[in-house]
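Novice: quick one: sequence and predicted model below, then my questions.
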Amino acid sequence: MNLKINENGNMVIGNIDVNEIAEEYGTPLYVIDEERIRDNYKRVFNTFTKHYNKFRILYACKANTNLTVMRILEEEGCSIDAVSPGEVYTSLKAGFAPKKILFTGNNVKDEELKFVDEQDVLINLDSISQLERLAKIVNPENYKISFRVNPMVGAGHHEHCITGGVMSKFGIKEEEAPEVYKKAIDLGFKPVGMHSHIGSGILDPKPFKLATNALLDIAANVASEVDINFEFLDLGGGLGIPYTPEEKPLDIDKFAEEITGIFKSKTKEYGLGTPYLYIEPGRYLVGDAAVLLTRVNTIKNSYRKFVGVDAGFNTLLRPAMYDSYHHIAVANKGNNREVEKVDVAGNVCESGDLFARDRPLPKIEEGDLLAILNTGAYSFSMASQYNSRPRPAEILVKNNEVEIIREKETYDDLFNKQILPKRLQN
Ligand SMILES: *Cc1c(COP(=O)(O)O)cnc(C)c1O
């Protein structure tokens, strides 16, 4: 994320001093930059379509399912990768046409298949079991489907996020792909696509290129054994963003050129026609478009120097869950050069609730405002009410305008859907 500091040393997003936003709405608080989302979308779309115009971006909405975020992407012309019936429902609510949604479930049950079918959304199947069950739920005659395959390439920022290779629970085995497509056709289905997704947070184009090659090889192998016309080949998501100051952003121009290069030469070589190329970025579109603002409550000099803030892993799980690095800025002291190393700790009652260890930061005092950067993806969407803390508000900024797009939860929201048996009520 581009850190902008004004002359007073205050951090600015969308032309607005974040200190003012924190004053008005309280902390912790997610602040989302609309223009950044639009720019991220356009950058990917424009670079890929320069090389291959049958191209679609399916936003992996699990990264951030806020309706406003999804509306912004819908306006840009984006499509959707949904991984649960709830995400299909959310996408429809955000105005995406059913045709623009691809459902890629995992360990899906019958009632979920039924629900997605009723919404008229294309189903990307992940196992033979799902295929057989779907055949009993819908009339397979000319019913369009797609399959997720395992391209035997995996990559990601953490072991939990690698979704290809022999340890992965996802996709159809490479060598089984032809018989699975054949079985689908025998059942009457009309397979129109093939999908893979190898992992998340990838800044090195190499595994992505290997996976592109692998997917096209598998598609060609399938096409050589069954009668199929691929309408699309979906390379999945996983495009990374730099979280640390040392990491370099993905060279998207070069990336697009290389991926479309492989795609074009292999589709031609194998006679696969000109299918749509899909990719499914989540993090890349929204990750660097938001910050989490949190206020310093307590400074404690015990065995270490702890800077205690009013957010915790209930607000932002990634550091505790994946040991992820998130850059932290002191939003009211951007010009202060007096640096010291501190631990930034959340307010949840667990030792693992740390946003940073030994982090060099400008000298911090109680009452300072911290901005945890790159928290647009897998941040609010993974937030919980753990420790009975209501989830925070979300704010949208755009050209001097500040809009609240999700209210902060109240204490009463902690009891949503709970039912106290009559005999225990007083
Ligand atoms: C999570 C996921 C993505 C997006 O991953 P990012 O790392 O956010 O780009 C894409 N496709 C599928 C099927 C996913 O599960």
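Specialist: That came through, no problem.

Novice: what comes up buried for the strand or helix carrying Gly193?
Specialist: Using DSSP states H and E, Gly193 maps to strand 190-195. Judged by neighbour count (16 or more other CB atoms under 10 Å), strand 190-195 contains these buried residues: Pro191, Val192, Gly193, Met194, His195. All C-beta spots, glycine's among them, are computed from the backbone N, C-alpha and C.

Novice: following that strand, which helix or strand comes up?
Specialist: helix 205-225.

Novice: now the angle from that next one to strand 190-195?
Specialist: 160 degrees (axes from the mean of the first three to the mean of the last three CA atoms, to 10 degrees).

Novice: re the thing from before, list the helices and strands the strand holding Gly193 packs on?
Specialist: Applying 3 or more CB pairs under 8 Å, 6 or more residues apart in numbering; DSSP states H and E, one finds that strand 190-195 contacts strand 101-104, strand 122-125, strand 144-148, helix 177-186, helix 205-225, strand 232-234.

Novice: could you check whether the shortest one is close to the ligand?
Specialist: No: Strand 232-234 lies out of reach of the ligand by CB under 6 Å from any ligand atom, never closer than 8.4 Å.

Novice: need phi/psi at Asn150.
Specialist: Dihedral pair for Asn150: phi -100, psi 110, per degrees, to the nearest 10.

Novice: quick one: neighbours of it, just the number.
Specialist: 26 (other CB atoms under 10 Å).

Novice: the one 10 residues further on now?
Specialist: Other residues near His160 come to 11 when the count uses other CB under 10 Å.

Novice: okay, and the beta partners of the residue of the stretch 1-150 of the chain found nearest the ligand?
Specialist: Closest contact between the stretch 1-150 of the chain and the ligand, by CB to the nearest ligand atom, is at Ala60 (3.2 Å). Here Ala60 sits in beta bridges with Asp81, as judged by DSSP bridges.

Novice: sketch out the low-pLDDT regions of the stretch 101-250 of the chain for me.
Specialist: Along the stretch 101-250 of the chain, the model assigns pLDDT under 70 to residues 154.

Novice: close to the ligand: what parts of it are there?
Specialist: Residues of the stretch 101-250 of the chain lying near the ligand (CB under 6 Å from any ligand atom): Thr104, His197, Ser200, Gly201, Gly236, Gly237, Gly238, Leu239.

Novice: what's in contact with the strand ranked longest in the chain?
Specialist: When the chain is parsed with DSSP state E, its longest strand is strand 290-301. With contacts defined as CB atoms under 8 Å, 6 or more residues apart in numbering, strand 290-301 is touched by 1, 11, 13, 18, 21-22, 27-33, 64, 305-311, 315-316, 331, 347, 364-376, 379.

Novice: pLDDT (mean, whole number) over that strand?
Specialist: The pLDDT scores in strand 290-301 average 97.
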